[in-house]
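Engineer: Here you go, sequence then predicted model.
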Amino acid sequence: MDENGYTITPLAFLLLIPVIIFAVAFGDIVNEINQFSTITIGSDVTGGTVSSIYSAIQDGAGDSGRYAAYTASRKVIDDQHFMSDSKLFTRQVVTQQLNAHVIDACSKLSKETGRQIYINNVLIPTNLTNTTFNDTFTEEDVNVTQVDPYGNGDPFGFYVVVKAGVPIKVVQEDQVYEGTLPEIRGYAPIIGIEDPYIWLKTSFRSRDVIYDYPHYEKNYLGDVDYNFDDNVTITEIQYLWDCLNGTDNPQNQSLLPQYFPDPSGLNFFERLQGAQISGENNETRMSTFIIGNPLSDVYRSKTISALDHEYFAGVTGSGITINGSVPFNDPAGKPFYLSTYYKNYFSLANNYNT
C-alpha cells in the first residue's frame, strides 16, 4: 500500500519491470551513440588531416617551383654561363623547398589535430628545433614539366609533379589511415622572371623579363594568330609596337619586349641551357624580339632579324615600311628587321598603306 492507500498488486509490479529494463537499455544505447559519435568525429578529423596534407603538398609544389625558377635564372646570370641540365637543377631546388614547406605545414597540422603524420615512411616531427629529421620527398618523387595532363604545352609556366604512390599514414590511438598519394601537381608561373638567355647572349648589354604578349590567340585549328598588324597607323604597326615596347608590363618599364608562343623558339628550361632540348613539346616554346641592336659592333651594317634566336644566330632580314616610305623602327629608334620566314609566319607585309 502506498501513502495514498493504494495497494501495488503483483500484476502492477510486473508492469513496471519492462519500464525499468527499457530505461537501462536506453542508457546503454545513449552510451553507444556517444561512442559512435566520438569515433565518427575522430574519423572526420583524420580524414580532414589527410585532405590538408594533400593541399599542403599542392601549395608547396607551386611555391617551390616559382622559387626554383627564380633561383635557376639568377644562377645562370650570376655564374655567367648556361646550365648543362636545367631540369635537374630545378628538381633539386624544388625538392629541397617542397620538403621544407611540407614538413613545416604538417608539423603544425600534427600539433593541431593530435595525429602522427607519416609521409614516405618518415614521421613528421612536431618539434622543428631538431634539425636531424629526414626529408619526406626525394628527387625521384618529383618531376617538372611544361605539359599539362591533357598534353597541352604552356610557355609561361610549368608544373611541379609529385609522383603517385608515395605512402602516407595518419595515426591517432587506434585509428589509422594508410594509403598512397595520388599524382599531385602545383603550377609555377614564370611571368616576371628575368630571361638569362637574353642576358648572356647579348654579353650582358641587354636584359628582358618574361611577360606574355596579350593579343595572340589560337584559331580553330589550334594554330596561333599573332594579330601583330591588326592596327596600323601612319608610323606604327600598333600591336607589334606594343609587343616591342612591353606595354603594360607590371614593372612599368619600357624597352622590355613581350613574349609570345613560338614552336621554333626556346622554352624556359631551354633558355636556362642556351639552346633547344631534344624531345621538348613545341607548344612550350616562346620567342621575343631584340630591340636597339645591342650587338651592332659585332654585326656592324648587317640587317639582322630582331627575333631573339634569329638575332643571336646572325640571320639577316628586311625592314617594313608604311605608305611605301616610312620605315618601321623599334622603340629604341633602330630599323626593325625580320627574316622572310617570320614575316610570312606572322602574316606581316613588307609595306602597309594607311
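Structural biologist: That came through fine. What you are looking at is a predicted structure, and each value in this text was computed from that prediction instead of being measured. Numbering: from 1, shown residues only.
Engineer: Val170 and Val102: what is the separation?
Structural biologist: 14 Å (Cβ to Cβ, to the nearest Å). Any C-beta I mention is one placed from the backbone N, CA and C, and that applies to glycine too.
Engineer: do Thr46 as well
Structural biologist: Here Thr46 is placed at a distance of 18 Å from Val102 (Cβ to Cβ).
Engineer: With neighbour numbers in mind, choose between the two.
Structural biologist: Counted by other Cβ atoms under 10 Å, Thr46 and Val102 do not tie: Val102 has more neighbours, with 24 against 18.
Engineer: Next, the more buried one: secondary structure please.
Structural biologist: helix (DSSP: H, G, I helix; E, B strand; the rest coil).
Engineer: wait, isn't it in contact with Ala56?
Structural biologist: Yes - contact criterion Cβ atoms under 8 Å: Val102 and Ala56 qualify, at 5.6 Å.
Engineer: so what's the closest residue to Arg74 other than its chain neighbours up against?
Structural biologist: Closest residue to Arg74 apart from its sequence neighbours, by Cβ to Cβ, 6 or more residues apart in numbering: Glu194 at 7.7 Å. Applying Cβ atoms under 8 Å, 6 or more residues apart in numbering to Glu194 gives the contacts Ser73, Arg74, Ile77, Arg207, Asp208, Val209, Ile210.
Engineer: Enumerate the beta-bridge partners assigned to Glu194.
Structural biologist: Counting by DSSP bridges, Glu194 forms beta bridges with Val209.
Engineer: do you know how far it is from Gly265?
Structural biologist: Taking Cβ to Cβ, one finds Glu194 at 17 Å from Gly265.
Engineer: now swap in Pro189 and tell me
Structural biologist: Distance, Pro189 to Gly265, by Cβ to Cβ: 18 Å.
Engineer: So which of those two has more stuff around it?
Structural biologist: Applying other Cβ under 10 Å to Pro189 and Gly265 shows that Gly265 carries more neighbours, namely 23 against 16.
Engineer: So the more buried one sits against Asn282, correct?
Structural biologist: No - between Gly265 and Asn282 there is no contact under Cβ under 8 Å: 9.1 Å.
Engineer: Distance-wise, check Pro189 relative to Ser339.
Structural biologist: Distance of Pro189 to Ser339, computed by Cβ to Cβ: 30 Å.
Engineer: What segments of the stretch 201-350 of the chain are strands?
Structural biologist: Listed in chain order, the strands of the stretch 201-350 of the chain (DSSP state E, counting those that start in this stretch) span 217-218, 224-225, 260-266, 286-287, 318-319, 321-322, 326-327, 337-338.
Engineer: Next, format the ones you listed as CSV and append distance to Leu123 and mean pLDDT.
Structural biologist: Output for these, formatted as CSV (distance: least, Cβ to Cβ, whole Å; pLDDT from 0 to 100):
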stretch, distance to Leu123, mean pLDDT
strand 217-218, 48, 90
strand 224-225, 50, 92
strand 260-266, 43, 97
strand 286-287, 44, 98
strand 318-319, 67, 98
strand 321-322, 70, 96
strand 326-327, 69, 94
strand 337-338, 60, 98
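Engineer: Let me know which of the ones you listed is the nearest to Asn293.
Structural biologist: strand 337-338 (9.1 Å; Cβ to Cβ).
Engineer: Now do the closest one: which elements does it pack against?
Structural biologist: strand 318-319 (3 or more Cβ pairs under 8 Å, 6 or more residues apart in numbering; DSSP states H and E).
Engineer: got the contact list for stretch 201-208?
Structural biologist: Contacts with stretch 201-208, where a contact means Cβ under 8 Å, 6+ apart, come from 80, 194-195, 198-199, 256-257, 274, 288, 290, 292, 294-295, 308, 312.
Engineer: and it, which residues are buried?
Structural biologist: Lys201, Thr202, Ser206, Arg207, Asp208 (16 or more other Cβ atoms under 10 Å).
Engineer: Distance check, the second one against Ser296.
Structural biologist: When distances are taken as Cβ to Cβ, Thr202 and Ser296 turn out to be 11 Å apart.
Engineer: I'd like to know how many residues surround the residue nearest to Asn293 when sequence neighbours are not counted.
Structural biologist: Take Asn293 and drop its neighbours on the chain: the residue closest to it by Cβ to Cβ, 6+ apart is Lys334, 5.1 Å away. Other residues lying near Lys334 total 15 when counted by other Cβ under 10 Å.
Engineer: now do Phe228
Structural biologist: 22.
Engineer: can you check Ile234 too?
Structural biologist: 9.
Engineer: Likewise for the one 3 residues further on?
Structural biologist: By the other Cβ under 10 Å criterion, the neighbourhood of Ile237 contains 22 residues.
Engineer: Same question for Asn134.
Structural biologist: Residues lying near Asn134 (other Cβ under 10 Å) number 12.
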